[in-house]
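**Student:** Here is a sequence together with a model predicted from it:
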Amino acid sequence: MGRVRLADVAAYAGVSMKTVSNVVHDYPHVKPEMRQRVQEAIDALGYRPNVTARRLATGRTGMVALAVPEIDHPYFSELSRRIAEHAASRGYRVLMEQTLSEPGAERAVLRDREEGLVDGVIFHPVSTTQSELARLSRDVPVVLLGEAAIPLTVDHVMIDNVAAAREATEHLLSLGARRPVFLAAVEGDVTVSTDRRLEGFQDALQAAGVRLPSSHVLTASDFSPQASSEAVNRALDAGLDFDAILCRDDQFAVGALSALHARGISVPDEIALVGWDDTALSRFAYPAITSVSPDKAALATSALDLLLERIGGFHGPGRHVITPHTLAIRESAPAVTEAARPL
């Protein structure tokens, strides 16, 4: 059987092609019984709208692109799912792109968005400069995620990484920690996230009057759990005395847990640990990891809602939205009332 056409659906349902088109494009004035009749025909025949024809008819494709650095990173995987689910509830499909933080791949995302495939782009830039973002054409709307400096002309959704890191560090200090380390500064890191989280870590220490040498910022060769484990082992081998760890993400937290367990070091009794992103890794590790928890649902809905407003014709200046975060308290750094650690 060849491709099912709009006319085939109309004939099967016994309605006009205009009625089928109204249902496909989700026009509100279609009567419920007629909408059900057409939808049953669509389902029975397996009709799929032609994206090119739809764009010619309506000026839209019904698709948006989501471009992230790594699709297999737990945080981006979980966020992507929420964006896709919210997009589906709004009648949109999501085209995924992975950039691996490479400048050429990120530029391709922004350049190719005008090829007619999508109506807009949600994009987490890493290597793209602020000046490049400021020069974006408004023909195809873009909403940005992440912590990079964003021009005033572009919509942007993020959490306050500095505040979140400060709160996580304050929690470790409330448990009696006085020699925490930050895990980790990464070699060749071009992201801004690590810098923001390290800034919050330092702010909390300064406010508490805790002075630590630069050796309490550990370094890692890359963003993998293996590199995190190696960083913790190097610190222990060097005799660094620390009693808590703030990790830049949950992957680093899992790597740190592995290293500490292999050394027979108890978490949280000897070293408390906080991760970041509140992914499945943190919830099912042993012990379960206390983790900074961005409101992924709010990130997803805010980004997509801003994008759909742009697609719908909004032409105002860039809107910068800071979504909530919390600290998901678990066994690796328990609530203060559960802690038995002396000051």
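**Tutor:** Alright, I've got the coordinates.

**Student:** Could you pull up phi and psi at the nearest residue to residue 124 once chain neighbours are set aside?
**Tutor:** In space, and not counting its chain neighbours, residue 124 is closest to residue 145: 4.2 Å by CB to CB, 6 or more residues apart in numbering. In this view, the C-beta of every residue, glycine as well, is placed from N, C-alpha and C. With angles defined as degrees, to the nearest 10, residue 145 sits at phi -110, psi 160.

**Student:** I'd like the distance between the nearest residue to residue 7 once chain neighbours are set aside and residue 3.
**Tutor:** Among residues not flanking residue 7 along the chain, residue 17 sits closest, at 5.9 Å (CB to CB, 6+ apart). Applying CB to CB, to the nearest Å, the value for residue 17 to residue 3 is 15 Å.

**Student:** do the same with residue 43
**Tutor:** Using CB to CB, residue 43 is found at 16 Å from residue 3.

**Student:** Check which element follows the helix or strand encompassing residue 65 along the chain.
**Tutor:** Element membership for residue 65 (DSSP states H and E) is strand 63-68. Next helix or strand after strand 63-68 toward the C-terminus (DSSP H and E): helix 74-89.

**Student:** can you pull the buried residues of that following helix?
**Tutor:** Residues of helix 74-89 classed as buried by neighbour count (16 or more other CB atoms under 10 Å): 74-76, 78-80, 82-84, 86-87.

**Student:** which residues are in contact with that helix?
**Tutor:** For helix 74-89, contacts defined as CB atoms under 8 Å, 6 or more residues apart in numbering pick out 64, 66, 68-71, 93-94, 96, 122, 124, 145, 249-251, 277, 279-281, 296-297, 299-301, 303-304.

**Student:** which one is residue 22 nearest to, not counting chain neighbours?
**Tutor:** Spatially, and ignoring its direct neighbours in sequence, residue 22 is nearest to residue 30 (5.0 Å; CB to CB, 6+ apart).

**Student:** separation between the one you found and residue 19?
**Tutor:** Applying CB to CB, the value for residue 30 to residue 19 is 7 Å.

**Student:** Quick one: the strands in the stretch 101-250 of the chain, in order.
**Tutor:** 120-123, 142-145, 155-158, 180-186, 217-220, 244-247 (DSSP state E, counting those that start in this stretch).

**Student:** Can you give the strand pairings for the fourth one, parallel or anti for each?
**Tutor:** So that's strand 180-186. Using DSSP bridges, strand 180-186 pairs in its sheet with strand 217-220 (parallel), strand 244-247 (parallel).

**Student:** so how far is that strand off the chain centroid?
**Tutor:** In this view, strand 180-186 has its centroid 21 Å away from the chain centroid, taken as CA atoms, centre = their mean, to the nearest Å.
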